[in-house]
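Undergrad: Just need the structure, nothing else, for what follows:
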Amino acid sequence: MPDAAALEHADTMIEKAWGRPIAELEKAAIRRPVEGPLLRAAMHIRGCLTVVSNSVAVHQERLHALTQPGHVPAFYDLDRITESASALRTAHAESNTAMQAIRHLVDTRELALQAQHGPDAERVKATSARSTHAPRPLALPAERPAPPAAAGPAASTANRR
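TA: Modelled structure (predicted):
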């Protein structure tokens, strides 16, 4: 997939998942990062994808300029061709990784929305409410409250005569 298409595909995935245009989502991710951490992460990765897309274009142009049809490259051009091809492969790999990360964020958002409104929503809320309390000793049953913490250090009995 060419990188311009990758960026367009990422924009389409993000717009479809959040239901708003990408320009509006960029502003929301900057102004309210706490409200949408998944959106902020997706927009950050999209920014990285934009940089990588520009890098791919530069390396492709350089590689095409060095390998024109009918042109025999000079000996010193071989290193530049190899470096450009390697950098192009690296940029494509970074682009694919960014696309996969955006896919994972979109999938995570869909699963989170299903958990909020699905049949397990009460269990998720109860679990998150329980996780904010102090941990309970293993020996105590759930209906008994945890004992209060000690007020001060315990007296040492090791040095008594």
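
Undergrad: In PDB, list the C-alpha atoms belonging to stretch 43-52.
TA: Backbone C-alpha positions of stretch 43-52 (Å, rounded to 0.1, in the frame of the first residue of the first chain) are rendered in PDB as follows:
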ATOM      1  CA  MET A  43      -3.800  11.200  16.600                       C
ATOM      2  CA  HIS A  44      -0.200  10.900  17.800                       C
ATOM      3  CA  ILE A  45       0.300   7.800  15.700                       C
ATOM      4  CA  ARG A  46      -1.300   9.500  12.800                       C
ATOM      5  CA  GLY A  47       1.200  12.300  13.100                       C
ATOM      6  CA  CYS A  48       4.000   9.800  13.100                       C
ATOM      7  CA  LEU A  49       2.400   8.200  10.000                       C
ATOM      8  CA  THR A  50       2.400  11.600   8.300                       C
ATOM      9  CA  VAL A  51       6.200  12.000   8.900                       C
ATOM     10  CA  VAL A  52       6.900   8.500   7.700                       C
END
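
Undergrad: Report the buried residues of that stretch.
TA: By 16 or more other C-beta atoms under 10 Å, the buried positions in stretch 43-52 come out as 43, 45-46, 49, 52. From N, CA and C alone the C-beta is placed, and that goes for glycine too.

Undergrad: With adjacent residues omitted, what lies nearest to residue 106?
TA: Closest residue in space to residue 106, ignoring its immediate chain neighbours: residue 17 at 4.4 Å, by C-beta to C-beta, 6 or more residues apart in numbering.

Undergrad: State the distance from the one you found to residue 84.
TA: 35 Å (C-beta to C-beta, to the nearest Å).

Undergrad: swap in residue 107?
TA: For residue 107, the distance to residue 84 - C-beta to C-beta - is 35 Å.

Undergrad: Counting neighbours, go ahead and name the busier of the two.
TA: residue 84 (21 against 12; other C-beta atoms under 10 Å).

Undergrad: contacting residues around residue 49?
TA: Neighbour list for residue 49: 3, 6-7, 10, 95, 98-99, 102 [criterion: C-beta atoms under 8 Å, 6 or more residues apart in numbering].

Undergrad: with those in mind, which one is nearest to residue 37?
TA: Residue 37 lies nearest to residue 102 out of these, by C-beta to C-beta, at 14.4 Å.
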